[in-house]
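K.L.:
Got a sequence here, can you build the structure:
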Amino acid sequence: MGLIKEGDDYIVLTDIAGVEDHLGDMDFKVAGTEEGITALQMDIKITGVTFEILRDALAQAKDARLEILGKMKAVIDGPNAELSLYAPRILSTKIDTEKIGMIIGKGGETIRGLQEEFEAQIDISDDGTINVYSSSGAKGDALIERINAMTRDVALGDEFDGKVVKTTTFGAFVELIKGTDGLLHISNVSPGKRVDTVEEVLSQGDVIKVRVAELDRERGRVGLRLADDPEIAGKTAEELKDLKKSGGPRGGGGGGDRPPRRDGEGGGRPPRRDRDGESGGGGEGGDRPPRRRRERSGGRD
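P.N.:
Purely as a prediction, here's the structure:
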């Protein structure tokens, strides 16, 4: 809405153009619905406007607004249920305040990387509220999902696309979320097949789908299994707990079946030999004659 005022005389203009805005005394924007006004914004070049001017401007704005809404309804019967994926939007989520540093990173490295990757702006409040300002709905949703994944608590039975960050003689350490690793024991890197080294199957930097099979929060230990391991596939968290109580499946230890001992199938100790090289039998020393028992002499004189 515009205004041309000279002394006590004035005229309110509807849908002003650039020249009317430049030469006029007021630029008054009124937004709303059929039910009422939702937003106002006014710029004036004079010292003020009277109540009568404001009343007339709002009345004319209502007539214009209803006219525009009527034209819109003729072609669109209602608003879209969802915004376009490419429409800019503001999204928010809330995290534990103790995990704010996890999103910011050392010297702000993590938050800058997220903003560059998803082409969005991230604002974090002290209470853990995170607002994401994104030019794309799809990228904004993906960023919120990434933030929630980074700050989630690891639970028994959870699945992750983890990155192998270190291999050792006894297994591979897999990063589940930033700051949280789990151990995939060497006995579990290739279900149903024995391997001598982890590197036969995995290398540092590999991304694998794993599942939390054991969890000790007091010690900060996370035992992992491959997500498609038939021993745990499809099992609930409660079933995994029961398996651990019953002694299997193991998240560590083990390495396949132990080979037989060199001394034969029985694995027993070989028979003793006497001084002549003959095998000793059972009982009282084999072929040796029984030892004589020394008779104790009688009392001293």
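K.L.:
from here on, contacts and neighbour counts on C-alpha atoms
P.N.:
Will do.
K.L.:
how far away is residue 203 from residue 186?
P.N.:
Using Cα to Cα, to the nearest Å, we find residue 203 at a distance of 13 Å from residue 186.
K.L.:
Between those two, point out the one with more neighbours.
P.N.:
Taking other Cα atoms under 10 Å, residue 203 and residue 186 do not tie; residue 186 has more neighbours (26 against 15).
K.L.:
The nearest residue to that one once chain neighbours are set aside: neighbour count?
P.N.:
Residue nearest to residue 186 in three dimensions, not counting chain neighbours: residue 171, with 4.2 Å by Cα to Cα, 6 or more residues apart in numbering. Look at residue 171: counted by other Cα under 10 Å, it has 21 neighbours.
K.L.:
How about residue 219?
P.N.:
7.
K.L.:
where does it land in three-state SS?
P.N.:
Here residue 219 is recorded as coil under DSSP: H, G, I helix; E, B strand; the rest coil.
K.L.:
Same check on residue 235?
P.N.:
Quick answer, by three-state DSSP: residue 235 is coil.
K.L.:
distance of it from residue 156?
P.N.:
Where residue 156 is concerned, residue 235 sits at a distance of 11 Å (Cα to Cα).
K.L.:
Comparing those two, which shows the higher neighbour count?
P.N.:
Neighbour tally, residue 235 and residue 156, criterion other Cα under 10 Å: the higher count belongs to residue 156, 20 against 14.
K.L.:
is it true that residue 121 lies in a helix?
P.N.:
No - under three-state DSSP, residue 121 sits outside any helix and is assigned strand.
K.L.:
Can you give me the neighbour number for the residue lying closest to it once chain neighbours are set aside?
P.N.:
Nearest-residue entry for residue 121: residue 133, 5.0 Å, with adjacent residues in sequence omitted and distances by Cα to Cα, 6+ apart. Residue 133 is flanked by 19 other residues according to other Cα under 10 Å.
K.L.:
Where does residue 133 fall, secondary structure wise?
P.N.:
Following DSSP states H and E, one finds residue 133 within strand 129-134.
K.L.:
Restrict stretch 68-87 to CA atoms and write it as CSV.
P.N.:
What follows is stretch 68-87, C-alpha atoms only, in CSV (Å, rounded to 0.1, in the frame of the first residue of the first chain):
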residue,chain,number,x,y,z
ILE,A,68,-5.8,-12.1,-4.9
LEU,A,69,-6.8,-15.1,-2.7
GLY,A,70,-9.9,-15.6,-4.8
LYS,A,71,-7.9,-15.7,-8.0
MET,A,72,-5.5,-18.2,-6.4
LYS,A,73,-8.3,-20.5,-5.3
ALA,A,74,-9.6,-20.6,-8.8
VAL,A,75,-6.5,-22.6,-9.9
ILE,A,76,-5.3,-24.1,-6.6
ASP,A,77,-7.9,-25.5,-4.2
GLY,A,78,-5.5,-25.6,-1.3
PRO,A,79,-1.8,-25.3,-0.2
ASN,A,80,0.6,-28.1,-1.0
ALA,A,81,0.9,-30.7,1.8
GLU,A,82,4.7,-30.4,1.7
LEU,A,83,7.2,-27.9,0.5
SER,A,84,9.2,-28.6,-2.6
LEU,A,85,12.4,-30.5,-2.0
TYR,A,86,14.2,-27.6,-3.6
ALA,A,87,12.5,-24.9,-1.5
